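Engineer: Sequence first, then the predicted structure:
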Amino acid sequence: MALRIIQIACFTIISTFLNAQLLLNEILVNPPGSDNPFEFIELRGTPGTTLNNVFLCVFEGDSASAGNCDLSIPLNDVTIGSNGLIFVGTSIGYPNIPSETYFKDTLLFAIPGGYLENGSTTFALVFSTVNIIEDADYDFDNDGNLDLPQGAVLLDAVGWTNGDPYAVIYGGVVLTQSQGTPDAAVRFYDNMTPFSKPAWYNGDVFDLNTFDPLEISDNFPFGEETGLTPGNHNIPNGGVGFADFISAPFNCYPNPTKDFLTISSETNVEQVRIYSLTGSLVKNENLFLTNTIFVGDLPAGCYSIEVSLNGGQIKKNKLIIYH
Ligand SMILES: [Ca+2]
Ligand SMILES: [Ca+2]
Ligand SMILES: [Ca+2]
Ligand SMILES: [Ca+2]
């Protein structure tokens, strides 16, 4: 009977906590230049909830040491900000975090070179009444599943690899992008689903506010302010990502291109419109005798290209321009 009561008590603690949702919200591991003091991890949950027995963890993904806990930050007595956000970073890099956000100021992210590994990694929120210990191996049998203490629950997890096929990501969500390993990842404001790949967009970053349009995820949002928002709410999913632009594809080649682009179509192409990543119309041309247009005057980057065919049909595709 005592055991049963303890079980019910534990279940109540966990279920009460799970009702007060806590999620990974935004991650920057590889800021441009020296990584310190600009790395950060942002969390989102029910405003005003005080956390206990929750750990923000980073697990190593390199196969030789997969499952090692590279970072474990206890969030005991942290109260989620009135705007639902917790910012884990350093005030050296981010002195202007809004007061509505709980600021977990850690000098870890200010050490030379930065603290968060840029390679194969899992970020996780773990509910555990037993401490999650840094440098311990939480996949001791190396089967790709975490061996957490008894009763521990993974609340949310997301990760990525450096391309090594033997890398291990825990929790089932592996973020990918057109090339390279993500520098940063952002959860859409309107998606509170844990363990969800579509909840996130990601990419490499030019600077603290701009993603590199050549290295982004397929669902990267068009027509939005897509920069990082440390300590502030992220953008919602506008519903228009690259995936939408290749849903009615047509052939255009070469793609990527640096100068000319030829559109292959069985019917006449009447008009070509090219939009930038922010949704601005940057080229609008009527085509007559040729199916080739010059795009070498546009800056390198990722664009949406839209063609109107004779008969009124409109098709869209993704276009990459390099120089
Ligand atoms: Ca780093
Ligand atoms: Ca295991
Ligand atoms: Ca291991
Ligand atoms: Ca944010």
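Structural biologist: Now that the structure is in, tell me what you want to look at. Numbers count the residues shown, from 1 in each chain. Ligands and ions are numbered 1, 2, ... in the order given.

Engineer: Where does the prediction get shaky in the protein?
Structural biologist: Where the chain drops to pLDDT under 70, the residues are 1-20, 222-224, 238-249.

Engineer: Can you pull the residues of it lying near ligand 2?
Structural biologist: If contact is defined as C-beta under 5 Å from the ion, the residues of the chain in contact with ligand 2 are 139, 141, 143, 145, 147. For glycine as for every other residue, the C-beta is placed from the backbone atoms N, C-alpha and C.

Engineer: Going through those residues, which ones are buried?
Structural biologist: Taking 16 or more other C-beta atoms under 10 Å as the criterion, what is buried in the residues of the chain next to ligand 2 is Asp139.

Engineer: JSON lines for the residues of the chain next to ligand 2, including secondary structure and distance to Asn291?
Structural biologist: Rendered in JSON lines, the data for the residues of the chain next to ligand 2 read as follows (DSSP: H, G, I helix; E, B strand; the rest coil; distance: C-beta to C-beta, whole Å):
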{"residue": "Asp139", "secondary structure": "coil", "distance to Asn291": "54"}
{"residue": "Asp141", "secondary structure": "coil", "distance to Asn291": "58"}
{"residue": "Asp143", "secondary structure": "coil", "distance to Asn291": "54"}
{"residue": "Asn145", "secondary structure": "coil", "distance to Asn291": "53"}
{"residue": "Asp147", "secondary structure": "coil", "distance to Asn291": "59"}
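
Engineer: Ligand 1: which of the residues of the chain next to ligand 2 is nearest?
Structural biologist: Asp139 (21.9 Å; C-beta to the ion).

Engineer: what's near enough to touch that closest one?
Structural biologist: Asp139 is in contact with 59, 66-67, 145-147, 168, 170, counting by C-beta atoms under 8 Å, 6 or more residues apart in numbering.

Engineer: Not counting sequence-adjacent ones, nearest residue to it?
Structural biologist: Distances taken as C-beta to C-beta, 6 or more residues apart in numbering place Gly67 nearest to Asp139, at 2.6 Å, with adjacent residues excluded.

Engineer: how many other residues sit next to the one you found?
Structural biologist: Each residue near Gly67 was counted by other C-beta atoms under 10 Å, and the total is 22.

Engineer: For it, give me its contacts.
Structural biologist: If you count contacts by C-beta under 8 Å, 6+ apart, then Gly67 has 59-60, 137-140, 142, 146-147, 168, 170 around it.

Engineer: What is the nearest of the contacts of Asp139 to ligand 1?
Structural biologist: Distance ranking of these against ligand 1, using C-beta to the ion, places Phe59 first at 15.3 Å.

Engineer: distance of that closest one from ligand 4?
Structural biologist: 23 Å (C-beta to the ion, to the nearest Å).

Engineer: Which residue would be the closest one in the stretch 1-150 of the chain to ligand 4?
Structural biologist: As assessed by C-beta to the ion, ligand 4 sits closest to Glu26 within the stretch 1-150 of the chain, at 4.2 Å.

Engineer: Appreciated, that's everything.
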